[in-house]
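Student: Give me a model of this one.
(chains A and B)
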Amino acid sequence: MPISHASEELQSLSAGKELLWRRWVEGAPLVAIWGQQTGWSQSSLDPVLTRALEHAGRAQGTSWKPLLTNEPLAPEFYSWLAERFRNRPASQVVVEATRAPWCAVFTSSIDNGLANCLAGDGREPDVILQAEPPPRVLRNTRRPLFYYLYGQAGQYVDELKPPVNRQSLAHRRMTQASAMLRRLAETATPLGLVVIDGYDAATDWLRAEDLLAAISSSPVDGVLWCGAEPALSDDDQFTYNELVQKGVIVRELRPLGILINELVATISVPEMSHWDDPEVVTLKDGQSVKTTPNLRLVTQASTVLLDDSWTGMLDDLSPTETTSAFEVFHATQGSFRSIVEGVRRNFAFERSFETLLHKRVDQALQHHHVASAIILHGQSGVGKTIAFARLAIHARKQGIAVLFANRRVPQAVDLSDFLTAVDQVQGVTLLLVDTMSPVSRYDDLLRALRSVGHRVVVVGSSYRLGYEGKATIRFVEASAQLEPNEQTKLLQLAQDFVPSVVQAVKNEQHNEYVLAGFYRLLPHSRGRLSEGLGSEVDSTRHALQKKSRTIPPPMLGSISQALIKAGYPVTNTKLLPDSAKGDYDESPEARIIDLVMVSSRLFKAVPLSIVLRAVGSGLYAQGSYSIDSLLTLIRDQDIFRWSYTDEEHSDLLVEARLQIEGYLICNARFGSAIREADAIRVLIEAATRAGPESSSETSYVAELVHAAGPDGPEGDRYKESYDVIARALTTLRSKTVPNARLMLQESVLRRHYLRTHKNIEQSLKEELLNEAVSVVDMALEGISKKGAQGIFASRQTIDNLWNERAASYGFFATDEAQRGIGGKVWSAYKAAHEAATLAKARRDSSFSVDVSLWMPIGILNVGKTLTDAQRLEIAADLHSSLDGVDESTLDDAQREKFQSRRMDAGEAIGDTVLSDDAFSQLDASGSTVGYFFRARRLAPEMKLDTEPTAEDIAKAKACISYLRCHYDKIAQDERCLRLLLDMEWLVRAHHRFMRGLRQPFPCSPEFCAMARAIVDDMVALGEEKLATKYRYLRAVTTWLGGNEKASRDQWNELALDTQFADSQRVSARHLLADNVGNPIRYRGVVEKLLGPGRFQVRVDGIGVIDLIADYFPNADLAVGRTVSNFLIAFNYRGPIADPADSPRRLGR
Amino acid sequence: MKFELLQAATSQFSSTVNEALGRPVIKPMTLEIPVLPPDELHFYQLVVWCYGFFYEAAIDVLKEFKALMRQGSPERTNRFDRALKIVNNLRTYKVHNLPGKENDNKRKLAEQWIRDASSNGRGIAGAVEELCRITLEMAGDLNDVWKSATQDMEDLKQLVERMVMVIEKTWQPHELDAIVTDVAIEIDLPGFDAKAFRDLHLEEWRKTANCFIDRETAKTGLRRHIRSLMQSKFGSS
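Tutor: Numbering: from 1, shown residues only, chains lettered A, B, ... in the order given. Below you'll find the predicted structure:
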């Protein structure tokens, strides 16, 4: 509808209709309370009602009130009633009422079909019949929560059925209805609208006082009450009148269905989401991916998927609409879709760094199988998100699938289905992650995705990184300062769209905040524009803009002063409240600003419910806050923006308009990191819905704590308060369901506190260490339990917990060594070493490797009370750990750290030459460490990336000879067994074991038997300690030994354990080779199709292997056909055919 | 899947409902029957036929059937809605390949649907079969809904009463167009666009019609109301 029409229509709206329209357009939470008359009226009675009263033998009536008397209804009554409801068409008024995007409905009706009326276009109601346990989410527009306050006809269990007499009605009211209604306020949030319809106070089972109590805390314009004036008792009438007078209740005489029908028919409201429409992503070469609703649901829980509609036709805009849309684009920074649309309309100029970014990404897309994550870094508000939008358009035009995430770094497993769909048509996905996270998070994500062979390129955003002089090509900096040609472009942009601000822009063009504060220079950026971030720019938004109301500004003087003082471009003082009105006070409203700003400083939008709980419960502020002042802050000031966590509108988030503003305001307001950390503590303790893994509050707390920790954007800024934050997590755990991710952080932060505070009191140190160790053990124990007592954790979290356990034990042991308490040091070391070994066996990550290095180094350095034998044992472990590290798997930073550790290790180990006497003493005491050192001394140096020389092989032979000679002794020593295997491999394969890809694997039975025997001895020392590479070797040798089933089981387990964990999981580690190392060529017959493009091939005399059709583009693949001239490779999924002439790096 | 099965299911549905309501509320299908082989032409005819049945012949009762269906499982409602939308998209794509953002989206969805249904070497015959399958499922849903809602005699009576009431009160746009056109001739308004004028007043006139006890009296009243409205706006010659 054109603006003029919308505006005309707006003039004629009733207050109620306008309120509903406004909230609907804003995308605010809409919550309905449907009484028992919903859809029906005195003149149009529900036909089922009359029959029900007759069937129950009750007096005739026009409401459900007479149904319940002191006499109970017959047991089968509600089953009969359910049938009647099912066979009566829904009221058309109700059908109309369902056309709004409700996120929850509370009803006193018992009509079992009423909830189902919300179905259509893929929407499905989520029926709630009991108050406890509370639902995991309070709002959802795709699966609206539908609370039956008084039960539902047709249920079999008594507790879920409606009441059968007055007594059970009272009981149900007390136990269920009241508890459910208590969730109303939190469900609607102060931003939302509660709509009451079909409620007759005189006859409804829901009592007026209960209903009025539920809505009494609503803000002005918070409740729309449809239908005739309610007939209320004196007390209720008084409350009702007061709420109407205050403007909390807005009255509307017409039924809700009629209102909605008129709104949909006559005024533009956002179209309902078509949840079950497939979305099409067209890719290169005419290929495409059609996303099913389920696929979309999983993928879009954490990312936005750019389907073809994103790059389809743009609506024509008139010049006025264009200007307005331009201002909305710059003032709201809405959904990524609206940003992409704005970029397509040229509302933002292209920054110079974008050329480099596109070049890097194009290169990465060409070499997606090896490309590192690309990082766009720079301070907030310099155009990174806009650059991502332009990059997304660029990629889509090239037929690349694009996913965008901006709330949190997504889990690889959540994206895997979509990426697989793209992989299967030979497409590549560009994953844009705009979460301002540390580089390591993007690297981890890419590694996880690559572990399953996805064809993906990751581009992440980060705060400005200090890579002076060392920046690799994967880093692209978005500089704050505009180059001269960019200044010209900015002026041109202003000239094209808002000429009136050209002079103001000219004055600020050298300001480093000019882009961040550009919107503050626009004439209309204040006011209602910051609302409604969920919907696209459309004509109604322009109409909405014109209707902004004047609301007195709260006392925010110090905020504007802070921004002005920091040189922020605030030329128009009216844009922010007048500083003369008063200083920033300590009121609850001011505290709310503090909480939002501190979270925003760390790039985290905070769930509104947490902020309200924090202030409302007195955790952070004295006195009660005015909900209307809060709304003014959120709706009418440009310092906040609000948005939803996902497309289904499950949770509402609030954050600073821009992170840089949050940063500047925090600096001015708090004055110290400790005070900021205290605000973080409050936010954590208020997140009482955190706990369940799927809860958005859990994710928020986990992300906030990570951001406040040493790996966050502020580094060690909050180090003085790590203990406070950790203990806040412990307090939170006492109030809610334990969560493994949060428990992990409880330990991590305590450990970091100890790391950064060397001189704290011993008692505090011990206390913190004990807390850290016990919380991890508690988490692992909980994870091992099944059922309701168990704790859910992803594989990655479990791995991290094992790593954390190793680190905490390491700290404990180092501390004991430092204190020099005799025997305790050794037992603490053994426990820590065991923990590190278990962690490394689960996942050979850089973290677990690092723990296994720094812990023994630290103990050797400070453990003055250790005996010589103990020192040697520790040194041997350290040696063995160093030998096991494959540097080629480390990135630059990790390699640098490893090299530093190796130097420290050298110094810590010192001279390990053993005298015969010392050796004999060790041997006599049952220690094998002497054998290890003597063998190690015979072995060649473990040089990196170099082929072994003849001298190396000769040394290796000597080492083997020594170890074999004492095999009965060393068979119990895992270090010696690892060394023996390494040496055997070197001598027989002329390569180092598990270094590099596509290495020869001699297929002689004798070689296999040798490898198998050593691995079996390792297994005898503890299956749980067997590292991944040895499990792989066991699977290969089992397969070569002809035991296909056992090897398949071993490989399946290995594949599962390394999924999303090991980036080289699908890389070809070895190729079957002859005794001189030449790969052997095979032929086989295709036996069956295993999946899209994946076949099973039988190789005579060897066994069955997988074959991926993409690797053999010229082969005629079909069941029964022969394939020839291929090699047999192994990865962590099993044996696979490898093209002989054009090797592939990755499989699937 | 054969078109004959679809035809039989819709015929059964039509005759059951018409018989129960005592009037031909579902109009007989006079559209061209898709002819074999299942090629492009067959698919085109099938799309037109399906649209003709669900969006034209059965339109008077479909709204009430959807309301009845909504009392049941959400999965069935969603499935029915989805299939109905596919028919609409295909018709928009095959018959009215119009410009515009909404049509553009429908076209893309229809194209993708055809591509999927024709994949794996099935060609257009696959799309024919898939369209027959989903529309047969729709007809099956309609028959099932009717059957279960009419097993109890009281339920049947209640349902028939409501449907008759709704049908008699619903004024189709073309019925109102006929009155407007007549009045325009009477007051001598050459070139008058009856449809455009009706669009402005549709809901209001429908509400006005509800003030009358039956259709005949409503028609008389409406005609008088429309004539008065047109004369006050445009005068009379």
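Student: Which positions within stretch A:902-916 qualify as buried?
Tutor: A:904-905, A:908-909, A:912, A:914 (16 or more other C-beta atoms under 10 Å in any protein chain shown). Yep, even glycine has a C-beta here, placed from its N, CA and C like the rest.
Student: So which bits of chain B are right by chain A?
Tutor: B:63-68, B:70-75, B:77-78, B:81-82, B:85, B:100-101, B:104-105, B:108-109, B:112-113, B:115-116, B:148-150, B:152, B:154-155, B:158-159, B:162, B:203 (C-beta under 8 Å from any C-beta of the partner chain).
Student: Let's see that with 6 Å instead.
Tutor: B:64, B:67-68, B:70-71, B:74, B:77-78, B:81-82, B:101, B:104, B:112, B:149, B:155, B:158 (C-beta under 6 Å from any C-beta of the partner chain).
Student: got the contact list for whichever residue of the stretch 1001-1148 of chain A sits closest to chain B?
Tutor: Going by C-beta to the nearest C-beta, chain B is nearest to A:Pro1092 of the stretch 1001-1148 of chain A, at 11.2 Å. Contact analysis of A:Pro1092 by C-beta atoms under 6 Å, 6 or more residues apart in numbering or on different chains lists A:Gln424.
Student: that older thread, give me the buried entries from the residues of chain B next to chain A.
Tutor: Among these, those classed as buried by 16+ other C-beta under 10 Å are B:64, B:67-68, B:70-71, B:74, B:77-78, B:81-82, B:112, B:149, B:155, B:158.
Student: Widest-spaced pair of these?
Tutor: B:Gln112 and B:Gln158 (42.3 Å; C-beta to C-beta).
Student: follow-up on the earlier one: by pLDDT, give me the weakest of the buried ones among the residues of chain B next to chain A.
Tutor: The member of those with the lowest pLDDT is B:Gln112, at 85.
Student: Specify the local secondary structure of that residue.
Tutor: Following DSSP: H, G, I helix; E, B strand; the rest coil, B:Gln112 is assigned to helix.
Student: Which ones among the buried residues of stretch A:902-916 lie within strands?
Tutor: Members of those lying in strands (criterion: DSSP state E): none.
Student: which of these come close to chain B?
Tutor: Of those, not one also sits near chain B (C-beta under 6 Å from any C-beta).
Student: Tell me how far the nearest residue to A:Leu522 once chain neighbours are set aside lies from A:Phe518.
Tutor: Once flanking residues are discounted, A:Leu522 sits nearest to A:Glu327: 5.1 Å by C-beta to C-beta, 6 or more residues apart in numbering or on different chains. For A:Glu327, the distance to A:Phe518 equals 11 Å [C-beta to C-beta, to the nearest Å].
Student: what do you get for A:Val1086?
Tutor: 61 Å.
Student: who's more crowded, the two?
Tutor: A:Phe518 (23 against 20; other C-beta atoms under 10 Å in any protein chain shown).
Student: Turn the buried ones among the residues of chain B next to chain A into JSON lines, including secondary structure.
Tutor: JSON lines is the format used below for these (three-state DSSP):
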{"residue": "B:Glu64", "secondary structure": "helix"}
{"residue": "B:Ala67", "secondary structure": "helix"}
{"residue": "B:Leu68", "secondary structure": "helix"}
{"residue": "B:Arg70", "secondary structure": "coil"}
{"residue": "B:Gln71", "secondary structure": "coil"}
{"residue": "B:Pro74", "secondary structure": "helix"}
{"residue": "B:Thr77", "secondary structure": "helix"}
{"residue": "B:Asn78", "secondary structure": "helix"}
{"residue": "B:Asp81", "secondary structure": "helix"}
{"residue": "B:Arg82", "secondary structure": "helix"}
{"residue": "B:Gln112", "secondary structure": "helix"}
{"residue": "B:Ala149", "secondary structure": "helix"}
{"residue": "B:Asp155", "secondary structure": "helix"}
{"residue": "B:Gln158", "secondary structure": "helix"}
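Student: And these, which is closest to A:Glu209?
Tutor: Nearest member of those to A:Glu209, counting by C-beta to C-beta, is B:Gln71, at 31.8 Å.
Student: Now do the contacts for the residue lying closest to the closest one once chain neighbours are set aside.
Tutor: Once flanking residues are discounted, B:Gln71 sits nearest to A:Gly113: 3.1 Å by C-beta to C-beta, 6+ apart. By C-beta under 6 Å, 6+ apart, the contact list for A:Gly113 reads A:85-86, B:71.
Student: Could you do B:Pro38 as well?
Tutor: B:125, B:128.
Student: and if we set it to 7 Å?
Tutor: B:124-125, B:128 (C-beta atoms under 7 Å, 6 or more residues apart in numbering or on different chains).
Student: Just say helix, strand or coil for it.
Tutor: coil.
Student: and the stretch 101-250 of chain A, which residues reach chain B?
Tutor: Contacts of the stretch 101-250 of chain A with chain B, taken as C-beta under 7 Å from any C-beta of the partner chain, map to A:113, A:116-117, A:119-122, A:124-125.
Student: mind listing the helices for chain B?
Tutor: Using DSSP state H, the helices of chain B run over B:3-21, B:40-51, B:59-69, B:74-94, B:101-117, B:123-149, B:153-169, B:173-186, B:194-209, B:215-234.
Student: Max pairwise distance over the buried residues of stretch A:902-916: which two?
Tutor: Spatial extent of those (C-beta to C-beta) is set by the pair A:Asp904 and A:Leu914 at 22.4 Å.
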